[in-house]
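[1] Need the 3D shape of this:
(chains A and B)
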Amino acid sequence: MSTTSIDFNKTRTFLIDTTKCTGCRGCQVACKQWNQLKAENTHFFSGEGYQNPPAMSEYTFTRIKFKDYQKNGQNEFAFYKEMCMHCNDPACASVCPVGAFRKTAEGPVIYDDKRCIGCRFCMMACPFGVPKYEWSKAFPLVKKCTGCYSRVKNGKEPACATACPTAISYGPRAEMVKEAEKRLKAKPERYFPAIYGKEEAGGTSVLYLTHQPLDELGFKPITKRPLPSYTWQALRFVPGIFLGVGGTLSLVSWFQHRKDRIRKEEEERAAAKADSTKGVNE
Amino acid sequence: MNEIKGYHNFIKLMMVLVGIGALASLVRFIFGLGVTTNLNDTYPWGLWISFDVVTAVPLAAGAFTIGIVAHVFHIRKLEPLVRPAIVTGFLGYSLVCVGLLLDLGQPQRGINVLRYWNLHSPMFEVSMCVMAYTTVLTLEFLHPVAERFGWHLPLRLLRTLELPFAILAAMISTLHQSTLGTFFLIAVDKLHSLWYNPLLPLQFWLSAIFTGLSIVIFEASLVHKYMGQPDESELLATLTKIIPWIMGVYLCIKLYALAFLTHGPLFDRPVLLALFLAEIGAGVILPMGMFFTRKIKTDKKMQLRAASLVIFGLVLNRFNVSMFGMEQPGQLIYAPSIIESLVTIGIIAAHVLFFVLIAKYFPIFEHHPEATDYTIPDHFHRIEGHESKAGHELRAEG
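    A predicted model of the protein is given here:
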């Protein structure tokens, strides 16, 4: 809607092949370094499984989730990199009352902390639960993965993609989709037949390939429709309803007042008539 | 004597609650939202949004609904009900603004909403409407103030503007009451299917209308009972004829949406199902039945009971949509912290306190437009004997 001028074939996109991920978490470290994020005090098994920190937070924009499963009677790990999906039509950008979020033509969805009033609607709206809040502060702001916009703008790849030795490819969205489809076709036994992010939430700038079924890995099943369209289908009626209600009520009140006026005039006329007949009789 | 003592104790209690609430909100600004509230990244919106905004706004809808009935539909005998509703609305919206500012992370930047417009944001629309409507309500509230202090020119002006203001209030209220429902349309796959459907804005608007009228009944009954104000149950009988029809339309739309417009499973979460049934059964169907009986036109107690049930149903509905229905299975359940609760209790107490004080010192209930002098006294060309004559007339009418 607000981003119609962007060519989504060209927006920079992450292709994350989780079958190639070794779980080294170099991306997590690179992200912390580039964005100068504080370390978190962590404990083993404070979250769901082996991963740490237990969730993304104001200090952690990306993290590797561990999923243990059985393969041929052996315990195996699957890994899944959690981060902002950089939607083509982001819910956060549509609900923000001050327009603090913006989908850039380069790909990343960026956040302007100078505008933010801290209402947290973006956190409510994001289907992936990405924006996080500075709960420790008296006047908090929102924090989320920037897609390393400052690097991308200057022709570099994001910190996590640069650090990753195996699993992350980065390039124009059309090329990344083509590459993902090529891999699916070349090794159907290796992959679950779906590209997560190709159509989810109307398409995102992060694409995933997996071996396991998506829900087993913890990917949320998400609508294929761009989320802003859900609120826009109601909001688009706003000007019409505003004027419609005003017009209708004005008409009703004119009609009701007219009835009142006519009744009064008739009463007066009747009274006048009664007076005049009285006069004639005398 | 005992009554006066009781009144003073009540006022003192309310003042203490307001004071505690003010202290609690101070604590929020010193130590931050994270420490003082039970909000977290999973539950970014808690009690302050669910009650102080999403519930308080429809509870303050009495002002615009009674305005339509009395001024637009021109049912003049209902005019004595308008002022109390406007005072409630004025206080309600002012306190919504207070609640919002507490909940915002950067309240000092609230003005940014006016600087950077995002027409796609339901929050943008609601904040613009709340600002505009609070202004309208303030102007409408000036009416009794002008009367109290004998400002003739503003009083005359405000009397002329009553109808345009009533229409403007209805236009603005329609927008933001419904848009509060639009808020939750973005929560696809988050809000449970019992409540999520594309007609949510329409349901929010209709329920605000019949709740607004019920609030008028609720308040008038309580004020008659405890503040010795005139018995308006005859006027309220007119409202009891309107309310059940709007509730009927609401119920039909709700059932239609439930049957044809929902996608997810409806009966998978027993607790949510129970909450839904309580909301619909005790909060809509039961009071609707009561309003449809003939007895309610004369039975004061029944009027109060039915209105209370409607209010209960609305509060439960807004909490179901904005809080309970959003809880995901297997996650820690949000419950408000002590500070959050104290602030909300303080806000409710402030509403009651200011209402009682305003009703005591301004002509709110004893207002009967046909007995009010709206003429502007002629100071420039004083005619012999005019003043004393006008004074006589007024006294005769009073």
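[2] tell me the centre residue of chain B?
    residue B:60 (1.0 Å; C-alpha atoms, centre = their mean).
[3] That one touches residue B:86, doesn't it?
    No. Using C-beta atoms under 8 Å, residue B:60 is not in contact with residue B:86; the gap is 10.1 Å. (Glycine included, C-beta is placed from N, CA and C.)
[4] Please work out which residue of the stretch 251-398 of chain B is closest to chain A.
    residue B:326 (8.3 Å; C-beta to the nearest C-beta).
[5] so who does residue B:107 touch?
    With contact set as C-beta atoms under 8 Å, 6 or more residues apart in numbering or on different chains, residue B:107 has these partners: A:117, A:118, B:101.
[6] and it, how far is that from residue A:138?
    Residue B:107 sits 11 Å away from residue A:138, taking C-beta to C-beta, to the nearest Å as the criterion.
[7] Then residue B:375?
    54 Å.
[8] Locate residue A:232 within the secondary structure: which element?
    Using DSSP states H and E, residue A:232 falls within helix A:228-235.
[9] Does chain B have contacts with that helix?
    Yes. Using C-beta under 8 Å from any C-beta of the partner chain, a contact is recorded between helix A:228-235 and chain B, made by A:228, A:230, A:231, A:232, A:233, A:234, A:235.
[10] Buried ones only from the residues you listed, please, as a ChimeraX command.
    To isolate the buried ones among those in ChimeraX, judged by 16 or more other C-beta atoms under 10 Å in any protein chain shown, type:
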select /A:228,230,231,232,234,235
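[11] Would you map the strands across the stretch 201-350 of chain B?
    Using DSSP state E, counting those that start in this stretch, the stretch 201-350 of chain B contains no strands.
[12] Likewise for the stretch 1-150 of chain A?
    Using DSSP E, counting those that start in this stretch, strands in the stretch 1-150 of chain A cover A:12-17, A:63-71, A:74-82, A:101-103, A:109-111, A:132-133, A:142-143.
[13] Find the closest residue to chain B in the stretch 101-250 of chain A.
    For the stretch 101-250 of chain A, C-beta to the nearest C-beta, closest residue to chain B: residue A:118, 2.1 Å.
[14] Count the residues that sit near that residue.
    22 (other C-beta atoms under 10 Å in any protein chain shown).
[15] and the gap between it and residue B:301?
    In terms of C-beta to C-beta, residue A:118 sits 46 Å off from residue B:301.
[16] Now do stretch B:328-342: distance to the chain's middle.
    Put simply, stretch B:328-342 sits 25 Å off its chain's centre (C-alpha atoms, centre = their mean, to the nearest Å).
[17] buried ones in that stretch?
    B:334, B:336, B:337, B:339, B:340, B:341, B:342.
[18] which residue does the stretch 51-200 of chain B bring closest to chain A?
    residue B:105 (2.1 Å).
[19] so where does that residue fall, helix or strand?
    Here residue B:105 is assigned to no helix or strand, by DSSP H and E.
[20] residues in contact with the nearest residue to it once chain neighbours are set aside?
    Excluding the flanking residues, the one nearest residue B:105 by C-beta to C-beta, 6 or more residues apart in numbering or on different chains is residue A:118, at 2.1 Å. Residues in contact with residue A:118, defined by C-beta under 8 Å, 6+ apart, are A:133, A:139, A:140, A:141, A:142, B:104, B:105, B:106, B:107, B:109.
[21] what do you get if the cut-off is 10 Å, keeping everything else the same?
    Residue A:118 makes contact with A:100, A:133-134, A:137, A:139-142, B:33, B:103-107, B:109-110, according to C-beta atoms under 10 Å, 6 or more residues apart in numbering or on different chains.
[22] among those residues, who's most crowded?
    residue B:33 (29 neighbours).
[23] on that earlier part again, quickly list what's touching both of residue B:60 and residue B:86.
    residue B:137.
[24] hang on, the residue of the stretch 251-398 of chain B closest to chain A packs against residue A:124?
    Yes. With contact defined as C-beta atoms under 10 Å, residue B:326 reaches residue A:124; the gap is 8.3 Å.
[25] can you list residues touching both of those two?
    Taking C-beta under 10 Å, 6+ apart as the contact criterion, the common neighbours of residue B:326 and residue A:124 are B:43, B:45, B:184, B:187, B:190.
[26] can you narrow those residues to ones near chain A?
    Restricting those to those near chain A by C-beta under 10 Å from any C-beta of the partner chain leaves B:43, B:45, B:184, B:187, B:190.
[27] Widest-spaced pair of those residues?
    B:43 and B:184 (14.3 Å; C-beta to C-beta).
[28] So which bits of stretch B:18-27 are buried?
    For stretch B:18-27, burial by neighbour count (16+ other C-beta under 10 Å) applies to B:18, B:21, B:24, B:25.
[29] Mind checking which of those residues are in helices?
    Judged by DSSP state H, the buried residues of stretch B:18-27 include B:18, B:21, B:24, B:25 as members of helices.
[30] ok, now which ones touch residue B:185?
    Residues counted as contacts of residue B:185 (C-beta under 10 Å, 6+ apart) are A:125, A:227, A:229-235, B:122, B:179, B:191, B:196-201.
[31] cool, residue B:342 as well?
    Residue B:342 neighbours (C-beta under 10 Å, 6+ apart): B:17, B:20, B:21, B:22, B:23, B:24, B:25, B:27, B:36, B:336.
[32] where's the second one relative to chain A, distance?
    Looking back up the chat, that one is residue B:20. Using C-beta to the nearest C-beta, to the nearest Å, one obtains 20 Å as the distance from residue B:20 to chain A.
[33] Chain A: helices as residue ranges?
    Using DSSP H, helices in chain A cover A:26-35, A:91-95, A:121-125, A:149-153, A:159-163, A:173-186, A:214-217, A:228-235, A:238-281.
[34] Quick one: the ones you listed as TSV, columns for distance to residue B:140 and mean pLDDT too.
    Shown next, in TSV, are the helices of chain A (distance: least, C-beta to C-beta, whole Å; pLDDT from 0 to 100):
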stretch	distance to residue B:140	mean pLDDT
helix A:26-35	51	96
helix A:91-95	31	96
helix A:121-125	30	95
helix A:149-153	48	95
helix A:159-163	56	96
helix A:173-186	54	96
helix A:214-217	54	86
helix A:228-235	27	95
helix A:238-281	16	89
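[35] which of these sits most buried?
    Counting by mean count of other C-beta atoms under 10 Å in any protein chain shown, helix A:91-95 has the highest mean neighbour count of the helices of chain A, with a mean of 28.
[36] wait, does that one contact chain B?
    Yes. Helix A:91-95 reaches chain B (C-beta under 10 Å from any C-beta) through A:91, A:92, A:93, A:94, A:95.
[37] which residues are in contact with stretch B:141-158?
    B:63, B:82-84, B:86-87, B:89-91, B:94, B:138-140, B:159, B:161-162, B:165, B:358-359, B:361-364, B:367, B:372-377, B:379.
[38] What about chain A: which of those touch it?
    Within these, nothing lies near chain A by C-beta under 10 Å from any C-beta.
[39] Tell me the buried residues within the residues you listed.
    B:63, B:82-84, B:86-87, B:89-91, B:94, B:139-140, B:162, B:165, B:358-359, B:362, B:364, B:367, B:373.
[40] Mind checking which of these are in helices?
    Counting by DSSP H, the buried ones among the contacts of stretch B:141-158 place B:63, B:82-84, B:86-87, B:89-91, B:94, B:139-140, B:162, B:165, B:358-359 in helices.
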